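Q: after the sequence you'll find the predicted model.
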Amino acid sequence: MFDTIKGIIGDIAAGAIKDQRIALSQEQLGALDLKLRDALSENTVLRKHVAELEQVVADRDARIQQLTVANQQQRYGNRMEIEEQILLFLAQHARCTESAITQHLSIGDEKVRFHLQELERDGLIFGAHDQEGRRYLNDRNLL
């Protein structure tokens with residue numbers, strides 16, 4: 001009988017300890033749930049912030065692209081226009097000097113030299129000019 005009473009008391013004590021452990025586990029679970037909700041809320045805010053920053057970056061990249069294209073069009077458009085005018089002048093004045101080109105186009109000597117070098121580098125003129133420059137002008141209906 002003593003063993004039975006001892007067993008019952010042991011079972012009651014073990015049940016109380018189990019109840020305490022369950023209560024503690026529930027408290028810990030509640031604290032973890034609260035932390036999880038806070039983390040999820042912060043994650044939502046951070047995702048929104050990341051999306052905003054990605055949009056800022058995309059807008060910046062698009063603006064950079066626009067400015068780059070506009071700058072290239074301005075630089076190369078102007079360059080091609082000047083070089084076409086030089087080729088046209090050379091085609092009309094077979095034996096002219098850099099000074100004559102400078103006076104005709106109303107641009108500086110250095111600029112004329114630069115464009116003549118570019119035309120020569122591109123194979124459109126050799127020395128003064130030749131048939132490649134005429135072909136270039138003909139292809140664009142400038143002659």
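A: In hand now; what should we look at?
Q: which helix of the chain spans the most residues?
A: In the chain, assigned by DSSP state H, the helix with the most residues is helix 2-92.
Q: from the contact counts, what lies against that one?
A: Taking 3 or more Cβ pairs under 8 Å, 6 or more residues apart in numbering; DSSP states H and E as contact, the helices and strands that helix 2-92 lies on are helix 98-105, helix 109-121, helix 131-139. In short, each C-beta sits where N, CA and C put it, glycine included.
Q: closest to Leu67 out of those helices?
A: Within the helices and strands packed on helix 2-92, the stretch nearest Leu67 is helix 109-121; the backing value is 23.8 Å (Cβ to Cβ).
Q: buried sites along that closest one?
A: Residues of helix 109-121 classed as buried: 112, 115-116, 118-119 (neighbour count, 16 or more other Cβ atoms under 10 Å).
Q: quick check: mean pLDDT across that helix?
A: Helix 109-121 shows a mean pLDDT of 88.
Q: tell me the angle it makes with helix 2-92.
A: Counting by axes from the mean of the first three to the mean of the last three Cα atoms, to 10 degrees, helix 109-121 lies at 100 degrees to helix 2-92.
Q: quick revisit: next, the angle helix 98-105 makes with the longest helix of the chain.
A: With the same axes, to 10 degrees as the basis, helix 2-92 and helix 98-105 are set at 100 degrees to each other.
Q: which intervals of the chain have sub-threshold pLDDT?
A: 1-3, 5-14, 72-77, 126-143 (pLDDT under 70).
Q: please redo it, this time with the cut-off set to 80
A: For the chain, applying pLDDT under 80 flags the ranges 1-19, 69-79, 94-95, 126-143.
Q: nearest the middle, which residue of the protein would you pick?
A: Most central in the chain under Cα atoms, centre = their mean is Asp61, positioned 4.1 Å from the mean C-alpha point.
Q: still on that earlier bit, for Arg79, find the nearest of the helices and strands packed on helix 2-92.
A: Per Cβ to Cβ, nearest to Arg79 of those: helix 109-121, 7.2 Å.
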